[in-house]
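Visitor: this one's structure only:
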């Protein structure tokens, strides 16, 4: 079936089978390889994208169900050559080691800060835990520090991005 996916602000017409996961279409059809395949069962968070402001495990989502919805992948966060405030915070706090989980962690963080621009430390930890964003390298304290850092700068940076 043909579906139109709105990915990173661009409508993309793609042919999908009813069983195709959103992850497969993003990576294999649209060549957006920043979203990672981890466990394939929605348990690790490596495949997290944002759809209509919500963190979504793209390995479990059927591509056909996302027709017309606003999908953002890690590739869609930068604006005019400038990193998203969460990406900047992850770099500043070195919130990655091997980096495999990082795109999913960043996307889950963006969804969190979109829903709650000023979350408490407890909310950050609970949300990331509930989203099951796993890091085998154990960078969790740096991830939390990055999200805390980004929560204050996000609105300021997005306003600057909108003016460019």
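Guide: Nice, thanks for sending it over. What you are looking at is a predicted structure, and each value in this text was computed from that prediction instead of being measured. Numbers count the residues shown, from 1 in each chain.
Visitor: where does pLDDT dip in the protein?
Guide: Scanning the chain with the threshold set as pLDDT under 70 gives 154-164.
Visitor: 80 instead?
Guide: Low-confidence regions of the chain, defined by pLDDT under 80, span residues 131, 152-164.
Visitor: enumerate every residue touching the most centrally placed residue in the chain.
Guide: Within the chain, the residue whose C-alpha comes closest to the C-alpha centroid is residue 107; the distance, by CA atoms, centre = their mean, is 2.0 Å. The contact partners of residue 107, by CB atoms under 8 Å, 6 or more residues apart in numbering, come to 35, 48, 49, 50, 55, 72, 73, 74. The way it works is simple: take the backbone N, C-alpha and C, and place the C-beta from them, glycine included.
Visitor: want to throw the residues you listed into a markdown table with neighbour count, distance to residue 17 and secondary structure?
Guide: Compiled in a markdown table, those are given as follows (neighbours: other CB atoms under 10 Å; distance: CB to CB, whole Å; DSSP: H, G, I helix; E, B strand; the rest coil):
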| residue | neighbour count | distance to residue 17 | secondary structure |
| --- | --- | --- | --- |
| 35 | 22 | 19 | coil |
| 48 | 31 | 23 | strand |
| 49 | 30 | 19 | strand |
| 50 | 23 | 24 | strand |
| 55 | 23 | 25 | strand |
| 72 | 21 | 24 | strand |
| 73 | 22 | 21 | coil |
| 74 | 24 | 25 | helix |
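Visitor: ok, so of these, who is nearest residue 132?
Guide: Nearest to residue 132 among those: residue 48, at 9.2 Å, using CB to CB.
Visitor: quickly list what that closest one is bridged to.
Guide: According to DSSP bridges, residue 57 are recorded as the beta-bridge partners of residue 48.
Visitor: residue contacts, it?
Guide: Applying CB under 8 Å, 6+ apart as the definition, the contact partners of residue 48 turn out to be 35, 55-58, 103-105, 107-108, 111, 131, 133.
Visitor: swap in 10 Å and give it another go.
Guide: With contact taken as CB atoms under 10 Å, 6 or more residues apart in numbering, residue 48 is in contact with 23, 35-36, 38, 42, 55-59, 73-74, 101, 103-111, 131-133.
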